[in-house]
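Asker: Need coordinates for the following:
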Amino acid sequence: MSIDVELFPRRIQSIIKEMNLPSLRPSQEKAIKQGLFTTQNNMLVSAPTASGKTLIAEFAMLQTILEFKKRVVYVVPLKALASEKYREFDELYSKYFSVHMSIGEVQTQNYVKDFDLLLVTAEKLDSLLRHSNSFIKEVGLIIIDEIHLLNDESRGPTLEVLITLFKIKYNQIRILGLSATIKNKEELAQWLNAELVYDTFRPVELHHYTYLDDTLKFHKKN
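Answerer: Below is the predicted model of the structure:
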């Protein structure tokens, strides 16, 4: 059994078929129903770890690049995560479009001219926009992974300035935020002027234990 590819834009249906996904997870179904493909509204996805948030971002990324012929910028908090995502996306999608990365002094090819998908940290994107922002007019989607880091003392200010810049100066670019741990999701969605996709499904059940005095205690659900 596989998912109904008719749920997806025509130009990306063949890629979805190749993924051979057995089913959509609840957060993915909700995102599609709430306009992932049918609107260009900002969207905030709040769902547990491993619940399928990244694949939602990939769906939007595929549509933006292959159907709308626009570029995508994927923002992650750490250089190591950017490298991991770059390897993953390059392996999956390089036959369809160009995947580049820019983190610190490291970059893949001439990312400003040639990329379809660009992996960056918030700090690197801030630097790019200050020094060579001509590429931004061709960007249709910015994906912000771990968007809850807005509350982080060290990374939060840069991320907040970036998002504010996209809200005001580059408001033609769609914002897609992803988070597993955000508490004030409704407030953040309102600030982003975004559709909130919220789900609590976990593919693996979460168990709670405490460890004290060499004793591990399991806490049953009420």
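Asker: Now do the contacts for residue 201.
Answerer: 25-27, 47-48, 51 (C-beta atoms under 8 Å, 6 or more residues apart in numbering). In this view, the C-beta of every residue, glycine as well, is placed from N, C-alpha and C.
Asker: Weed out the non-buried ones from the residues you listed.
Answerer: Taking 16 or more other C-beta atoms under 10 Å as the criterion, what is buried in the contacts of residue 201 is 25, 27, 47-48, 51.
Asker: could I get these as TSV with pLDDT, distance to residue 167 and secondary structure?
Answerer: Shown next, in TSV, are the buried ones among the contacts of residue 201 (pLDDT from 0 to 100; distance: C-beta to C-beta, whole Å; DSSP: H, G, I helix; E, B strand; the rest coil):
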residue	pLDDT	distance to residue 167	secondary structure
25	93	29	coil
27	96	24	helix
47	93	23	coil
48	90	27	coil
51	88	27	coil
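Asker: ok, which pair from those is furthest apart?
Answerer: 25 and 48 (10.3 Å; C-beta to C-beta).
Asker: now the contacts of residue 201 as CSV including distance to residue 180?
Answerer: Output for the contacts of residue 201, formatted as CSV (distance: C-beta to C-beta, whole Å):
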residue, distance to residue 180
25, 13
26, 14
27, 11
47, 7
48, 6
51, 8
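Asker: Nearest to residue 123 among those?
Answerer: When these are compared against residue 123 (criterion: C-beta to C-beta), the nearest one is residue 47, at 26.2 Å.
Asker: surely that closest one meets residue 55?
Answerer: No: taking contacts as C-beta atoms under 8 Å, residue 47 lies outside contact range of residue 55: 11.0 Å.
Asker: Give me the phi and psi angles of residue 175.
Answerer: Here is the backbone geometry of residue 175 (degrees, to the nearest 10): phi -110, psi 130.
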